[in-house]
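[1] What follows is a predicted protein model with its sequence.
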Amino acid sequence: MSPITAEEEFFKNSNLKRENIEHLRYWISKQPHLPNGIRDEQLILFLHCCQHRLEDCKQVIETYYTIRTHSPEIFGNRDPKGEEVQRNLSIFEFANLPKRDQHGNVVMAVRVSDPDANKFSHSAALKTYFMVQDAIMLETGTVPGYVFLLDAKGCGLGHITKLKISYMKLYAEYLQEAFPGNVVATHLVNSNYFTKAAFAVMKRFCNTDMADKLFVHTSMDTLYSHISKDSLPKDFGGKLDSMATYHKVMVEQLELCTGWFKDEEAIRVDESKRPVKAKCMGEILDN
């Protein structure tokens, strides 16, 4: 599918106002450290996730581009055909499931396809994970919310020892303060002692609202009370096709976004031009 356009967003969003986009553009023009080249479609995502509250939207824009600027190992060199991303796409399966949940939320699923922990890199996994998020948002635009489904089968102690606390903090901070969408829930299935422990550590960096949206399932039956089988692939006991099938579609979608990823990497904050020094990335993540 082609990326959604601003005009399509106006057609489907009665609350969307052109004057709000113009207001944000004017505000951005007065912030010398913020980047040029932010597309209308991206501003619409920010507006939507903040329920069109302009001041909240400005804070999300600040945090979004600050995090991306200060985390080049995650948000830089995002070439879908590059060795790092290709390697990660061979050890994980990522899917934008074709049927939304019963509330109209997008379901993004991830599972391990190669359990060899020697191939695992926390930074590469996060890089690819966020690339998939971006590709989904580029195509679907504004939606009611996002549900993240994580299958821990195949993850063991070897994977957990490679996790970095700083990346756990970054992940929590990004989803809470910068993700241009509404996070409805994150579900962890097929967990074990090690993955439950890692999930508990990450939960410490979440605010109360986000922590309440984290679910660890001891059986698939409890998952089905959140996401119906109609919206799940067969790998999760659902009625859809396999994760492998949808992963192939996602790999193709990422490759179609190659030019977008390259252009997006240039849209970053210039700290030397920030009028008042805001928190540096380390301070943000230490909160």
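    That came in fine, so what should we check first?
[2] could you say what helices and strands the helix or strand hosting Lys169 packs with?
    According to DSSP states H and E, Lys169 maps onto helix 165-177. Judged by 3 or more Cβ pairs under 8 Å, 6 or more residues apart in numbering; DSSP states H and E, helix 165-177 is in contact with helix 54-70, helix 122-140, helix 193-203, helix 208-211, helix 281-286. In this view, the C-beta of every residue, glycine as well, is placed from N, C-alpha and C.
[3] These: which one's closest to Glu173?
    Nearest of the helices and strands packed on helix 165-177 to Glu173, taken as Cβ to Cβ: helix 281-286 at 5.8 Å.
[4] Pretty sure Gly145 sits against Val184.
    Yes. In this structure, Gly145 is within contact of Val184 by Cβ atoms under 8 Å, at 3.8 Å.
[5] CA atoms only for stretch 203-219 - export them in PDB, please.
    Provided in PDB are the C-alpha atoms of stretch 203-219 (Å, rounded to 0.1, in the frame of the first residue of the first chain):
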ATOM      1  CA  LYS A 203       8.100  -2.000  34.100                       C
ATOM      2  CA  ARG A 204      10.100   0.000  36.700                       C
ATOM      3  CA  PHE A 205      10.700   2.600  34.100                       C
ATOM      4  CA  CYS A 206       7.100   3.000  33.200                       C
ATOM      5  CA  ASN A 207       4.700   5.500  34.600                       C
ATOM      6  CA  THR A 208       1.500   4.100  36.300                       C
ATOM      7  CA  ASP A 209      -0.600   4.500  33.100                       C
ATOM      8  CA  MET A 210       1.900   2.600  31.000                       C
ATOM      9  CA  ALA A 211       2.600  -0.100  33.600                       C
ATOM     10  CA  ASP A 212      -1.100  -0.800  33.800                       C
ATOM     11  CA  LYS A 213      -1.000  -1.600  30.100                       C
ATOM     12  CA  LEU A 214       1.600  -4.300  30.400                       C
ATOM     13  CA  PHE A 215       0.300  -7.900  30.500                       C
ATOM     14  CA  VAL A 216       2.100 -11.100  31.000                       C
ATOM     15  CA  HIS A 217       0.000 -14.200  30.000                       C
ATOM     16  CA  THR A 218       0.500 -17.600  31.500                       C
ATOM     17  CA  SER A 219      -1.900 -19.100  28.900                       C
END
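[6] what touches both of Gly145 and Val184?
    103, 105 (Cβ atoms under 8 Å, 6 or more residues apart in numbering).
[7] domain ranges for the chain?
    6-75+263-286, 83-258 (automatic domain parsing).
[8] Deepest in the core, which of these is it.
    Compared across the domains of the chain, domain 83-258 shows the largest average neighbour count, a mean of 18 (mean count of other Cβ atoms under 10 Å).
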